[in-house]
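In: Sequence and predicted structure are below.
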Amino acid sequence: MINLSVNINKIATIRNARGGNMPDLLQVAKDCESFGAQGITVHPRPDERHIRYSDVYKIKPLINTELNIEGYPSQPFIDLVVQVKPAQVTLVPDPPDAITSNAGWKAGEHLDFLKEKVDIFKSKQIRTSLFVGTDPEDIEYAAKTGADRVELYTEPYAIQFLKDREAAVAPFIKAATLARQLGLGVNAGHDLSLVNLSYFAQKINWLKEVSIGHALICDALYYGLKKTITLYKKCLQ
């Protein structure tokens with residue numbers, strides 16, 4: 001079984017658009033868990049345009065599933081993660097003004113930097129994952145950092161899927177196979193949806209986790225959150 005971690009950033013975006021507490025982010029996190037999600041993902045950014053640092057502190061004690069905190073390992077982010085102590089931290093190379101994550105680490109270029117950050121989190125018994133593309137060199141260097149897992153950046157797969165799904169998934173199969181050979185767990189995320197998720201999961205059935213936010217929340221507008229989570233979990237079986 002591949003775990004589904006629901007990224008609730010978009011819920012926070014809607015809340016922040018009007019102020020107040022509608023929708024209730026904390027209740028949504030609890031509901032995702034009760035509807036079957038095996039994890040909750042948050043990606044706090046420095047400008048707090050969606051998830052706020054204060055949200056992260058509140059979410060952790062409310063849920064029993066795994067909390068995954070994504071972000072660029074600036075000092076404030078490191079301090080947050082060490083204090084909250086989630087099940088997993090996913091390090092992403094996005095600058096503060098990025099709309100969304102749009103590339104993986106060039107792990108060889110940032111090897112010392114990443115190794116230092118991985119050591120910090122692992123010393124606190126926090127599972128550490130690196131957001132990477134499918135370049136074999138990046139995956140090999142990711143393993144050298146001491147990280148526990150990699151999260152494959154799947155936007156290129158999603159873009160090509162409707163044109164040629166075999167060609168779309170091929171580099172991800174190779175990357176995931178290499179990661180497994182190097183002793184890394186494999187996660188995946190970015191633009192995975194009800195359209196393309198099932199095929200991806202069938203072809204890489206040793207995935208540990210997928211993290212899905214935007215598409216899942218959009219689908220929930222039509223199907224409702226409970227049914228949507230059920231549909232995504234069916235794609236992973």
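Out: Everything's here; your move.

In: Assess the claim that Gly104 and Glu137 are in contact.
Out: No. Counting by CB atoms under 8 Å, Gly104 stays clear of Glu137, with 11.5 Å between them. Every residue, glycine included, has its C-beta placed from N, CA and C.

In: okay, those two: which has more neighbours?
Out: Gly104 (23 against 10; other CB atoms under 10 Å).

In: which ones are touching the more buried one?
Out: Gly104 makes contact with Pro93, Leu130, Phe131, Val132, Gly133, Asp138, Leu152, Tyr153, according to CB atoms under 8 Å, 6 or more residues apart in numbering.

In: Can you tell me the closest non-neighbouring residue to the third one?
Out: Translated: Phe131. Val92 (4.5 Å; CB to CB, 6 or more residues apart in numbering).

In: which helix is the longest one in the protein?
Out: helix 165-181 (DSSP state H).

In: Mind giving me the packing neighbours of that helix?
Out: Under the contact criterion of 3 or more CB pairs under 8 Å, 6 or more residues apart in numbering; DSSP states H and E, helix 165-181 touches helix 136-144, strand 149-153, helix 155-161, strand 185-189, helix 197-203.

In: So which of these is the most surrounded?
Out: Compared across those, strand 149-153 shows the largest average neighbour count, a mean of 25 (mean count of other CB atoms under 10 Å).

In: what lines up beside that strand in the sheet?
Out: Strand 149-153 has its sheet partners listed here by DSSP bridges as strand 127-132 (parallel), strand 185-189 (parallel).

In: per-residue confidence averaged over that strand?
Out: For strand 149-153, the mean pLDDT works out to 98.

In: which stretch of helix or strand covers the spatially most central residue of the chain?
Out: Central residue of the chain (CA atoms, centre = their mean): Ser211, 4.1 Å from the mean position. Using DSSP states H and E, the element containing Ser211 is strand 209-212.

In: Need the residues that contact that strand.
Out: Taking CB under 8 Å, 6+ apart as the rule, strand 209-212 contacts 2-7, 38-39, 41, 68, 70, 90, 151, 187-189, 192-193, 197, 201, 232, 236.

In: Show me the contact partners of whichever helix or strand comes after that strand.
Out: Per DSSP H and E, the first helix or strand lying C-terminal to strand 209-212 is helix 214-223. Helix 214-223 is touched from outside by 6-8, 10-11, 100, 191-194, 228-229, 231-232, with contacts defined as CB under 8 Å, 6+ apart.

In: possible to save those residues as a markdown table with neighbour count?
Out: Below are the contacts of helix 214-223 laid out as a markdown table (neighbours: other CB atoms under 10 Å):
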| residue | neighbour count |
| --- | --- |
| Val6 | 30 |
| Asn7 | 25 |
| Ile8 | 27 |
| Lys10 | 18 |
| Ile11 | 26 |
| Thr100 | 14 |
| Asp191 | 18 |
| Leu192 | 27 |
| Ser193 | 17 |
| Leu194 | 17 |
| Thr228 | 23 |
| Ile229 | 24 |
| Leu231 | 15 |
| Tyr232 | 24 |
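
In: Okay, now the unreliable bits of the protein?
Out: 95-102 (pLDDT under 70).

In: how about 90 then?
Out: 1, 19, 46-49, 94-105 (pLDDT under 90).

In: can you tell which of the helices and strands packed on helix 165-181 is closest to Ser54?
Out: Ser54 lies closest to strand 185-189 among the helices and strands packed on helix 165-181, at 24.3 Å (CB to CB).

In: now the angle from that closest one to helix 136-144?
Out: 120 degrees (axes from the mean of the first three to the mean of the last three CA atoms, to 10 degrees).

In: From the chain's centre, how far out is strand 185-189? Work that out for me.
Out: Here strand 185-189 is found 8 Å from its chain centre; the criterion is CA atoms, centre = their mean, to the nearest Å.
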